[in-house]
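In: coordinates for the following, if possible.
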Amino acid sequence: MKRYLALGDSYTIGEGVEFDNNFPNQLVRALNNEGVNIGLEKLVATTGWTTQELLTAIEADSFNAPYDFVTLLIGVNNQYRQKNTDGYAESFEACLKKALSFVANDIAKVLVVSIPDYGVTPFGKYDEITSLQVDDYNRINRGITAKYNIAYADINPVSKCAKDDTSLLVDDQLHPSAKQYADWVAIILPTALELLN
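Out: Numbering: from 1, shown residues only. Below is the predicted model:
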């Protein structure tokens, strides 16, 4: 069985949904349905983490590397706290290098996921400025990901559907519901299949 490591924050752990319905677990089920024998071996993610906090947690944890697949989704809390991109490029690249280290630097085993647009949510107060700031963060993480020739799954556009469909959010009116995570997985799955086959 292939071994999957998921790195991130609330969007990876699945704040507000059953653990089995976060996107890593939904992705595992979708991959298994496509004939890929893979399991989520480890998830390192906590609600509220910035890039630096993820790096600190990685340093304090233990890992049974190399893994066969790693996803990385991190940065929304940098934006939420700072409102600007200061330091994000450097710390995101450090996170990406850590992800690579867990797959013996095999770029074909890492997948970066974009930051969703929480500016369109009731919690985000339907704030276009927030949405534009998240776009700026995604331009940074996408550019760095491309520099390393690593795969990138852009779930940001589909996350914007939450503006008109509250069933895509959990009770806090911020985090994705299992339904929205299923939409993410539909976007992530084709690239994951390419990497894992």
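In: from here on, contacts and neighbour counts on C-alpha atoms
Out: Fine.
In: point to the helix or strand of this protein where mean pLDDT is at its lowest.
Out: In the chain, the helix or strand scored least confidently by mean pLDDT, DSSP states H and E is helix 76-82, which has a mean of 95.
In: after it, next one along is what?
Out: For helix 76-82, the following helix or strand on the C-terminal side (DSSP states H and E) is helix 88-101.
In: neighbours of Phe123, how many?
Out: Using other Cα atoms under 10 Å, Phe123 has 13 other residues around it.
In: any idea which element it lies in?
Out: Here Phe123, judged by DSSP H and E, is contained in no helix and no strand.
In: try the one 10 residues further on
Out: Gln133 is part of helix 128-147 when elements are defined by DSSP H and E.
In: which elements pack onto that helix?
Out: Under the contact criterion of 3 or more Cα pairs under 8 Å, 6 or more residues apart in numbering; DSSP states H and E, helix 128-147 touches helix 76-82, helix 88-101, strand 151-153.
In: okay, angle between it and helix 88-101 too, please.
Out: Orientation check (axes from the mean of the first three to the mean of the last three Cα atoms, to 10 degrees): helix 128-147 against helix 88-101 gives 50 degrees.
In: buried set for helix 128-147?
Out: The neighbour-count check on helix 128-147 (16 or more other Cα atoms under 10 Å) flags 130-131, 133-135, 137-138, 140-142, 144-145 as buried.
In: span of stretch 121-129 from start to end?
Out: One end of stretch 121-129 sits 13 Å from the other (Cα to Cα, to the nearest Å).
In: mean confidence for that stretch?
Out: On average, the pLDDT along stretch 121-129 is 93.
In: check stretch 165-173 too.
Out: Computed over stretch 165-173, the mean pLDDT rounds to 96.
In: nearest residue to Leu96 other than its sequence neighbours?
Out: Leaving out its chain neighbours, the residue that sits closest to Leu96 by Cα to Cα, 6 or more residues apart in numbering is Leu72, at 7.4 Å.
In: sorry, that was for Asn78
Out: Nearest non-adjacent residue to Asn78, counting by Cα to Cα, 6+ apart: Thr50, 5.3 Å away.
In: lovely, talk soon.
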